[in-house]
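Q: Fold the following and give me the result.
(chains A and B)
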Amino acid sequence: EPEVTQTPSHQVTQMGQEVILRCVPISNHLYFYWYRQILGQKVEFLVSFYNNEISEKSEIFDDQFSVERPDGSNFTLKIRSTKLEDSAMYFCASRRTGNSNQPQHFGDGTRLSIL
Amino acid sequence: KQEVTQIPAALSVPEGENLVLNCSFTDSAIYNLQWFRQDPGKGLTSLLLIQSSQREQTSGRLNASLDKSSGRSTLYIAASQPGDSATYLCAVNAGSQGNLIFGKGTKLSVKP
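A: Predicted coordinates:
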């Protein structure tokens, strides 16, 4: 069964550094998402992406964050200047269409640790 | 603002028991509700999706119900097994772009 894949599985970065998290969504999916889960807390929506542009974003997704689909397969989340509070598990998800009967499929996540 | 709550936060049952996990949401204007399973250190595995027009969905030993007007959903697991031990998350799709709002989850432990 097709999967959403994320790399790396664990990223350790110094505070203030830029980090790029990578995702390969399922190949025929058109809607892409990033979520994060701070340890012990709820999974939180960050951003949705469709037709090469952001379709919705949360309050968390400020100017430090950006997303890109640089080619036909990858979907990336960039954090420009990381803070300690950015430490979390980041999940990428994709959905085939905008139809409400389509589930979102999640990757295994990237654990981001900011030192 | 949509809030999703799951109770109990943790549940421990002996193998073979049937069990019910609860999810409630504050705004009934949803497109669908999705149940996920999360194993420690892993991603989210989609279990069931119920559209807003549906009352229940079944997959194997799992049955999810939705009462949109009262803002509630339940996940019923029949004949529980140790392999069912995981955290179960409920999420509502309240936006036209599909962004999900999650509950904190119920951590299930099934003892052999």
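
Q: where does chain B come near chain A, residue by residue?
A: Counting by C-beta under 8 Å from any C-beta of the partner chain, chain B comes close to chain A at B:31-32, B:34, B:36, B:41-46, B:49, B:51-52, B:89, B:91, B:93, B:95-105. In this view, the C-beta of every residue, glycine as well, is placed from N, C-alpha and C.

Q: Filter those residues down to just the buried residues.
A: For the residues of chain B next to chain A, a burial check counting by 16 or more other C-beta atoms under 10 Å in any protein chain shown picks out B:31-32, B:34, B:36, B:43-44, B:49, B:51-52, B:89, B:91, B:93, B:95, B:97-105.

Q: What about these, which are in helices?
A: Assigned to helices by DSSP state H, none of those qualify.

Q: Inside strands: which ones of these?
A: B:32, B:34, B:36, B:44, B:49, B:51, B:89, B:91, B:93, B:100, B:101, B:102 (DSSP state E).

Q: which residue is nearest the centroid of chain A?
A: Taking C-alpha atoms, centre = their mean as the criterion, residue A:34 is the residue nearest the geometric centre of chain A, at 3.0 Å.

Q: pretty sure that residue is touching residue A:89, no?
A: No. Contact criterion C-beta atoms under 8 Å: residue A:34 and residue A:89 do not qualify, at 11.3 Å.

Q: one step back: which residues are in contact with the spatially closest residue to the residue nearest to the centre of chain A that is not a sequence neighbour?
A: Leaving aside its chain neighbours, residue A:34 sits nearest to residue A:46 (4.3 Å; criterion: C-beta to C-beta, 6 or more residues apart in numbering or on different chains). Contact analysis of residue A:46 by C-beta atoms under 8 Å, 6 or more residues apart in numbering or on different chains lists A:33, A:34, A:35, A:36, A:57, A:58, A:60, A:61, A:65, A:77.

Q: neighbour-wise, which of those leads?
A: Tallying neighbours with other C-beta atoms under 10 Å in any protein chain shown puts residue A:33 at the head of those, with 29 neighbours.

Q: for stretch A:26-46, which positions count as buried?
A: A:26, A:29, A:31-37, A:42-46.

Q: which SS class is residue B:83?
A: helix (DSSP: H, G, I helix; E, B strand; the rest coil).

Q: which ones are touching it?
A: Taking C-beta under 8 Å, 6+ apart, we find residue B:83 in contact with residue B:110.

Q: Tell me the spacing between it and residue B:18.
A: Going from residue B:83 to residue B:18 by C-beta to C-beta, to the nearest Å gives 16 Å.

Q: List, one by one, the residues from chain A near chain B.
A: Residues of chain A lying close to chain B by C-beta under 8 Å from any C-beta are A:4, A:6, A:31, A:33, A:35, A:41-45, A:48, A:50, A:55-56, A:58, A:91, A:93, A:95, A:98, A:100-109, A:111.

Q: go again using 6 Å as the cut-off
A: Selection of chain A residues close to chain B by C-beta under 6 Å from any C-beta of the partner chain yields A:31, A:42-43, A:45, A:48, A:55-56, A:95, A:100-101, A:103, A:106-109.

Q: Please name the bridge partners of residue A:24.
A: Beta bridges link residue A:24 to residue A:5 when assigned by DSSP bridges.

Q: whoops, I mixed them up, residue B:111
A: Bridge pairing for residue B:111 (DSSP bridges) gives the partners residue B:14.

Q: One more: residue A:36?
A: With DSSP bridges applied, residue A:36 shows beta-bridge pairing to residue A:44, residue A:90.

Q: Wait, it touches residue A:90, no?
A: Yes. Applying C-beta atoms under 6 Å, one finds residue A:36 in contact with residue A:90, separated by 5.0 Å.
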